[in-house]
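In: what follows is a predicted structure for the sequence shown.
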Amino acid sequence: FSRWHHNFPFSTYDHYAIENINCSNLHGGVGWWFHSGTECAHVQLNGRLPTHTDGLVPLNTGILWIGWRTDRHYSFQHVRMLIQPKFKRHRRRRR
């Protein structure tokens, strides 16, 4: 995902790793690798689903990806994260 979040700790509504800022509560109570400062997230795939068909949600509470779409009121309808190992291990064949 975004380099903005690289090497930042995972935070939730009841455990925030960044001092004095509970970014999870600012973003609807979801867990994510939040950044410090006034902008907590540029990417948030754990956001709440929009209830309106136009995809609009309260500011920063939806499924957002700044850079893909810069409107922080727009939420994607769904996302899918596919994770694979950085290096594939070769498995030995059984005889």
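Out: Sure thing, it's come through.
In: my read: Ile66 touches Gln44, true?
Out: No: using Cβ atoms under 8 Å, Ile66 makes no contact with Gln44, being 9.2 Å away. Glycine gets a C-beta too; all of them are placed from N, C-alpha and C.
In: so for these two, which sits in the more crowded spot?
Out: Gln44 (29 against 16; other Cβ atoms under 10 Å).
In: residues touching that one, list them.
Out: By Cβ atoms under 8 Å, 6 or more residues apart in numbering, the contact set of Gln44 is His27, Val30, Trp32, Asn60, Gly62, Ile63, Leu64, Trp65.
In: just the ones of the residues you listed in strands?
Out: By the criterion of DSSP state E, membership of the contacts of Gln44 in strands covers Leu64, Trp65.
In: ok, which pair from the contacts of Gln44 is furthest apart?
Out: Greatest spatial distance among the contacts of Gln44 (Cβ to Cβ): Val30 and Trp65, at 14.3 Å.
In: still on that earlier bit, looking at the contacts of Gln44, which is nearest Phe76?
Out: So of the contacts of Gln44, ranked by how close each gets to Phe76 (Cβ to Cβ), first place is Ile63, at 4.4 Å.
In: Asn25 is in what secondary structure piece?
Out: helix 23-26 (DSSP states H and E).
In: give me the sheet partners of the helix or strand following that helix and which way each runs.
Out: Next helix or strand after helix 23-26 toward the C-terminus (DSSP H and E): strand 43-44. In the sheet, strand 43-44 lines up against strand 64-65 (antiparallel) (DSSP bridges).
In: what does the strand it pairs with contact?
Out: Contacts for strand 64-65 (Cβ under 8 Å, 6+ apart): Ser2, Ala41, His42, Val43, Gln44, Leu45, Gly47, Arg72, Tyr74, Ser75, Phe76.
In: tell me how many other residues crowd the fourth one.
Out: One way to gauge burial is a neighbour count; for Val43, by other Cβ under 10 Å, it gives 20.
In: top of the contacts of strand 64-65 by neighbour count?
Out: That'd be Gln44 among these, by other Cβ under 10 Å, with 29 neighbours.
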